[in-house]
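> structure, please.
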Amino acid sequence: MNQGKVVIIGAGHVGSHCAYALAASGVCGEIVLVDSVAEKAAAQALDVADSVSFLDRNVTVRSGGYGECKDADLTVVAIGEPRLPGQTRLDLLGRSVELLKGLGKELKPLKLTCPVVTITNPADIVADYLRKSLELERWRCFSTGTLLDTARLVRVISQEAGTDRRSVCAFAMGEHGDSSMVPFSAVTVGGLPFEKLGLDKEKILEQTRRAGMDIIEGKGSTEFGIGRALAELAGCILRDAKRVLPVSVLLDGEYGQRGVHCGVPCRIGKNGIEEIVQLDLNDEEQRMLDASCQVIRKHITMAAAL
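Numbering: from 1, shown residues only. This next block holds a predicted model:
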């Protein structure tokens, strides 16, 4: 078991479920929950720590302060407020920026050396804002981006194709939001290209985009999917796995884009993003990715003005 230390900032629904998923997965030896409400962080840590008694490994789960990030192997930012029914992730921008301003003042003096992964929505804009605030390299500060969208995409394709999820190779790209896109030309199911399966691309894309809101309308929040997604990403970092996952990184010429965070496939290792994998998009797919980046870019400009 990896004995690395993960600090999760934000002990609400998402942060606590990330902590539980991390504890259950065994990818780290220590999990520290930090929250502006110290009592909540302490209570969530105790709750997750109780679950460890039923695991076949020991994991230390506790609460702490922002200074815990200084010697962390990974810092996860999960502050913010959940979406309400009818809200898009972009509707959360103002409140998220307000919280990030305070967080930046706490973290910047620590001169973090570990990768920093953000979950807070709107994911792509928040990653850009925090990276700039902390003055970190693009490889070390990024968001989960379209990782959860990809999990939903794989589920939908699996259901439509009647094939085990492990036989599906696919990525969602672009915004973690309503303008996300899927490069179906790169999707395979059991080794077969998507175009040979006779499936409806528009239906699959719509179901993938709608999945988050369907959950929110049904129960008020999402948490299990993102918790497990974060645990997978953390495992890639702590174990130096070199696995390719879609995350939202600042693009600098890749896919014809600059100055915008966008969900794209990346090889993940101990220092964060090691390589941006550039798929061969067809013309339609490139237009869809460009349009998604424009949505993100517009909101990055809005965030800077707040």
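
> what's the host helix or strand of residue 96 in contact with?
Here residue 96, judged by DSSP states H and E, is contained in helix 93-107. Contacts to helix 93-107, defined as Cβ atoms under 8 Å, 6 or more residues apart in numbering, come from residues 9, 36, 66, 69, 75, 77, 79-81, 120-122, 125-126, 129-130, 133-134, 299, 302-303, 306. For the C-beta atoms, the positions are set from N, CA and C on the backbone; glycine is no exception.

> redo that, cut-off 7 Å
9, 66, 69, 77, 79-81, 120-122, 125-126, 129-130, 133-134, 299, 302-303, 306 (Cβ atoms under 7 Å, 6 or more residues apart in numbering).

> in it, which residues are buried?
93, 96-97, 99-100, 103-104, 107 (16 or more other Cβ atoms under 10 Å).

> what is the nearest of those to residue 222?
residue 96 (16.0 Å; Cβ to Cβ).

> just checking, residue 144 touches residue 231?
No - taking Cβ atoms under 7 Å as the definition, residue 144 is not a contact partner of residue 231, at 10.9 Å.

> so these two - more neighbours on which side?
A direct count of neighbours by other Cβ atoms under 10 Å for residue 144 and residue 231 places residue 144 higher, at 28 against 23.

> tell me the contacts of the more buried one?
Residues in contact with residue 144 (Cβ under 7 Å, 6+ apart) are 117, 119, 123, 226, 229-230, 233, 247.

> make CSV out of those residues and add neighbour count, distance to residue 220 and secondary structure.
Output for the contacts of residue 144, formatted as CSV (neighbours: other Cβ atoms under 10 Å; distance: Cβ to Cβ, whole Å; DSSP: H, G, I helix; E, B strand; the rest coil):
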residue, neighbour count, distance to residue 220, secondary structure
117, 29, 25, strand
119, 29, 18, coil
123, 30, 20, helix
226, 23, 15, helix
229, 22, 19, helix
230, 28, 20, helix
233, 26, 25, helix
247, 30, 26, strand
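
> from those residues, which is closest to residue 138?
Taking Cβ to Cβ as the measure, residue 138 sits nearest to residue 247 out of those, at 11.0 Å.

> check that closest one and give its pLDDT.
For residue 247, the pLDDT comes out at 98.

> distance from the chain centre to the lengthiest strand in the chain, please.
Secondary structure assigned by DSSP state E gives strand 258-269 as the longest strand of the chain. Put simply, strand 258-269 sits 11 Å off its chain's centre (Cα atoms, centre = their mean, to the nearest Å).

> can you point out the buried residues in it?
Buried, per 16+ other Cβ under 10 Å, within strand 258-269: 260-266, 268-269.

> repeat for stretch 62-82
Using 16+ other Cβ under 10 Å as the test for burial, stretch 62-82 gives 63, 66, 68-69, 72-80.

> confidence score at the residue nearest to the spatial centre of the chain?
Centroid-nearest residue in the chain, with Cα atoms, centre = their mean: residue 144, separated by 1.6 Å. In this model, residue 144 is scored at 98, pLDDT.

> residue 220 now?
pLDDT for residue 220: 88.

> equivalent analysis for residue 85, please.
Per-residue confidence (pLDDT) for residue 85: 87.

> number of nearby residues for it?
Residue 85 is flanked by 9 other residues according to other Cβ under 10 Å.

> on the three-state scheme, it is what?
Here residue 85 is recorded as coil under DSSP: H, G, I helix; E, B strand; the rest coil.

> how near is it to residue 224?
According to Cβ to Cβ, to the nearest Å, residue 85 stands 18 Å off from residue 224.

> hey, where'd the helices end up in the stretch 201-306 of the chain?
201-219, 224-238, 283-305 (DSSP state H, counting those that start in this stretch).

> what's the most buried one of these?
Stretch with highest mean neighbour count among these: helix 224-238 (a mean of 22; mean count of other Cβ atoms under 10 Å).

> outline the domain layout of the protein.
Following automatic domain parsing, one finds the domains of the chain at 5-143, 147-305.

> give the residue spans of the chain that score low on pLDDT.
1-2 (pLDDT under 70).

> ok, now with 80
By pLDDT under 80, the weakly predicted segments of the chain are 1-3.

> check contacts around residue 158.
Listed by Cβ under 7 Å, 6+ apart, the contact set of residue 158 reads 164-165, 168.

> for the helix holding residue 96, the distance to its chain's centre please.
The mean C-alpha position of helix 93-107 is separated from the chain mean by 18 Å, Cα atoms, centre = their mean.
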